[in-house]
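Visitor: Quick one, what's the 3D model for this:
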Amino acid sequence: MAPAPGGVRHAVTVIVPTFNESPNVGPLVELIEIALAGVDAEVLFVDDSTDDTPEAVARAARAARIPVRLLHRDEPVGGLSGAVVDGLVASASTWCVVMDGDLQHPPEIIPALLEAGRSSGADVAVASRYTGDGSSVGLAGVVRRLVSSVSTTLTRAMFPVRLADCTDPMTGFFAVRRDALDLDELHPRGFKVLLEILARNQLTVTEIPFVFGERHAGESKASFAQGFQFLAQLTSLRFGRMSRFAAIGVFGALVNLTLVALMTGLGAGYVAAVLVAAETTILMNFLLQERFVFRDLRHEGRSTSHRFWQSIAFNNVDTAIRLPIVVVLVATLHWAAVLATAVTLVVAFLARFAFLSRIVYRPRSRRPVAGESETETVAVERAT
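Guide: I've put the predicted structure just below:
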């Protein structure tokens, strides 16, 4: 086995978090060894396994021509993200490459990932499934691919500045310049460590496409529990903007109901009252969102009138689509009216937030252009 942490400083450390991946260890080390031939590199397995993965790492280390280390965590904290952070702490290398241990991340593109980071001067080089020729075909089934795509869209909507140049913040395959990180600021939980890193550090990003491959052996660790962990992580990271958006939505709903009650109480027709209340609320919500939710993104190059008409159009289309769905759910599927309304309102809330963040207030690219320094093109996203 290679020296313990604090020993040899390498140019590259490949950090592989593992949980019961014994059959994949040997083939993975062989492929990494081939990909990084001639590179001053090491492989660091950070292992939370309950099977014989540590023994598999030991066997691979004895056979390998590249240094292989094992950090086994008897009391794992923070899930996969915690394992990656522990690996970063244990590394002294200039660059750290993070990848899964199931061979769905192709080791042969590690050199391209490192070259992209070095040549661009970026802090993080991301292997993305959603740029260029990238693909998520290796995800098991249409449902998982759909969940991944929706989760990525929602995440980018919640962090429109920090993730402006990252199309795949959910990927577990990336290279990071270790000195660019403030490891003390990371509070890892769950699987999405790149999201944690990008949300809590002011970093420049470059990307290369990759195809997410089929699992070589073992079973996927994805579960509903991890889905809830992801939502908890997302909420803790981006509580500020979305909470204000939700508060304005609740306030708008109360104003809407009050206006309908007042107008119908004064003798106005129900349909007219509903339409006037809806349009008044849409206008009020836009003004409040401009002031309290997206204030830091108003300078991104789109005029106030442009933002206004995009927002008004989306809200009216949303209303036109949502109401017939409620009717179908109640009349055809026999849902309770309150339940049908609540479900469609939640979906509409997420869709509206994603549309406003990704379209109406979409930040301009932060990638450096010729003649600009990296620091000049980095924007800090505030939660206040």
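Visitor: switch to C-alpha atoms for all contacts and neighbour counts from now on
Guide: Fine.
Visitor: domain parsing for the chain?
Guide: 12-237, 239-360 (automatic domain parsing).
Visitor: any idea of the mean pLDDT for the last one?
Guide: Right, domain 239-360. The pLDDT scores in domain 239-360 average 80.
Visitor: From F308, how far out is F314?
Guide: 10 Å (Cα to Cα, to the nearest Å).
Visitor: quick one: what helix or strand has V25 in it?
Guide: Using DSSP states H and E, V25 sits within helix 22-35.
Visitor: right, and the helix or strand after that helix?
Guide: strand 41-47.
Visitor: just checking, what packs against the helix or strand following that following strand?
Guide: Moving toward the C-terminus from strand 41-47, the next helix or strand (DSSP H and E) is helix 53-63. With contacts taken as 3 or more Cα pairs under 8 Å, 6 or more residues apart in numbering; DSSP states H and E, helix 53-63 sits against helix 22-35, strand 41-47, strand 68-72.
Visitor: So in that sheet, which strands flank the last one, and in what orientation?
Guide: According to DSSP bridges, strand 68-72 forms sheet pairs with strand 41-47 (parallel).
Visitor: Could you give the average pLDDT over the strand it pairs with?
Guide: On average, strand 41-47 scores 97.
Visitor: before we move on, the earlier item: okay, the helices and strands packed on helix 53-63 in JSON lines with distance to M170 and mean neighbour count next?
Guide: What follows is the helices and strands packed on helix 53-63, written out as JSON lines (distance: least, Cα to Cα, whole Å; neighbours: other Cα atoms under 10 Å):
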{"stretch": "helix 22-35", "distance to M170": "22", "mean neighbour count": "19"}
{"stretch": "strand 41-47", "distance to M170": "20", "mean neighbour count": "25"}
{"stretch": "strand 68-72", "distance to M170": "24", "mean neighbour count": "21"}
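Visitor: of those, which approaches A277 most closely?
Guide: strand 41-47 (56.8 Å; Cα to Cα).
Visitor: And the helix holding V25, what does it pack against?
Guide: Helix 22-35 packs on helix 53-63, going by 3+ Cα pairs under 8 Å, 6+ apart.
Visitor: what about stretch 331-341, distance to the chain center?
Guide: 33 Å (Cα atoms, centre = their mean, to the nearest Å).
Visitor: got the CA positions of that stretch in PDB?
Guide: Coordinates of each C-alpha in stretch 331-341 appear next as PDB, following Å, rounded to 0.1, in the frame of the first residue of the first chain:
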ATOM      1  CA  ALA A 331     -64.300  14.600 -12.200                       C
ATOM      2  CA  THR A 332     -62.600  11.600 -13.800                       C
ATOM      3  CA  LEU A 333     -60.300  10.200 -11.200                       C
ATOM      4  CA  HIS A 334     -62.500  11.200  -8.300                       C
ATOM      5  CA  TRP A 335     -59.800  13.000  -6.300                       C
ATOM      6  CA  ALA A 336     -60.900  15.400  -3.600                       C
ATOM      7  CA  ALA A 337     -60.900  18.900  -4.900                       C
ATOM      8  CA  VAL A 338     -58.600  20.100  -2.100                       C
ATOM      9  CA  LEU A 339     -56.000  17.300  -2.800                       C
ATOM     10  CA  ALA A 340     -56.100  18.000  -6.600                       C
ATOM     11  CA  THR A 341     -55.700  21.700  -6.100                       C
END
